[in-house]
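Engineer: sharing a model that was predicted from the sequence below.
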Amino acid sequence: MTATHRQLSPETARLLTLDTEPWLSCEDCFAGMDHFVEAILSQPGTAAFPEMRAHVAGCPACAEEVESLLALVAEQDGIDASPALAALRSRPANS
């Protein structure tokens, strides 16, 4: 039997080994997403919501939702979303 072995990319390996503490479920993430987005828009460099940051760093579905909501709220409020998006996409301190 011949099996094809694929190696994990460095990014995939990083995502699989992210520190997920404090742990947060997707449901919990969705419940607090609006407060998280408001905090990031008002202070892009804030270290608030470490559980949200850890979850979003490892969950592409929630990350996409946060980015979409962030862009929407920023547009509605006339705010440049770029600094907040950059802060959101930067690696968490514990990665």
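Structural biologist: That came in fine, so what should we check first? Computed from a predicted structure; not experimentally measured.
Engineer: so what's D80 closest to, chain neighbours aside?
Structural biologist: Using CB to CB, 6 or more residues apart in numbering and skipping residues adjacent in sequence, the residue nearest D80 is A74, 6.9 Å away. Backbone N, C-alpha and C define where each C-beta goes, glycine included.
Engineer: now the helix or strand where that neighbour lies, how far from the chain's geometric center?
Structural biologist: Using DSSP states H and E, A74 sits within helix 60-77. Computed by CA atoms, centre = their mean, to the nearest Å, the chain-centroid distance of helix 60-77 equals 11 Å.
Engineer: check contacts around the nearest residue to C26 once chain neighbours are set aside.
Structural biologist: For C26, ignoring the flanking residues on the chain, the nearest one in space by CB to CB, 6+ apart is C62 at 5.7 Å. Contact criterion CB atoms under 8 Å, 6 or more residues apart in numbering gives 26, 29-30, 33, 55-56 as the residues in contact with C62.
Engineer: quick one, helices of this structure?
Structural biologist: 10-16, 26-42, 50-58, 60-77, 82-89 (DSSP state H).
Engineer: can you say which of those helices is packed in most?
Structural biologist: When these are scored by mean count of other CB atoms under 10 Å, the highest mean neighbour count falls to helix 50-58 (a mean of 21).
Engineer: dump the C-alpha coordinates for that helix into CSV.
Structural biologist: Listed in CSV are the C-alpha atoms of helix 50-58, where the atom choice follows Å, rounded to 0.1, in the frame of the first residue of the first chain:
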residue,chain,number,x,y,z
PRO,A,50,-7.4,37.8,25.4
GLU,A,51,-9.8,34.9,25.0
MET,A,52,-11.3,36.5,21.9
ARG,A,53,-7.9,37.1,20.4
ALA,A,54,-6.8,33.5,21.1
HIS,A,55,-10.0,32.1,19.5
VAL,A,56,-10.0,34.3,16.5
ALA,A,57,-6.3,33.5,15.8
GLY,A,58,-7.2,29.9,15.5
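Engineer: which ones are touching the residue nearest the centre of the chain?
Structural biologist: By CA atoms, centre = their mean, the mean C-alpha position of the chain lies nearest to V56, the distance being 2.8 Å. Contacts for V56 (CB under 8 Å, 6+ apart) come out as 29, 62-63, 66, 88.
Engineer: fine by me, we can end here.
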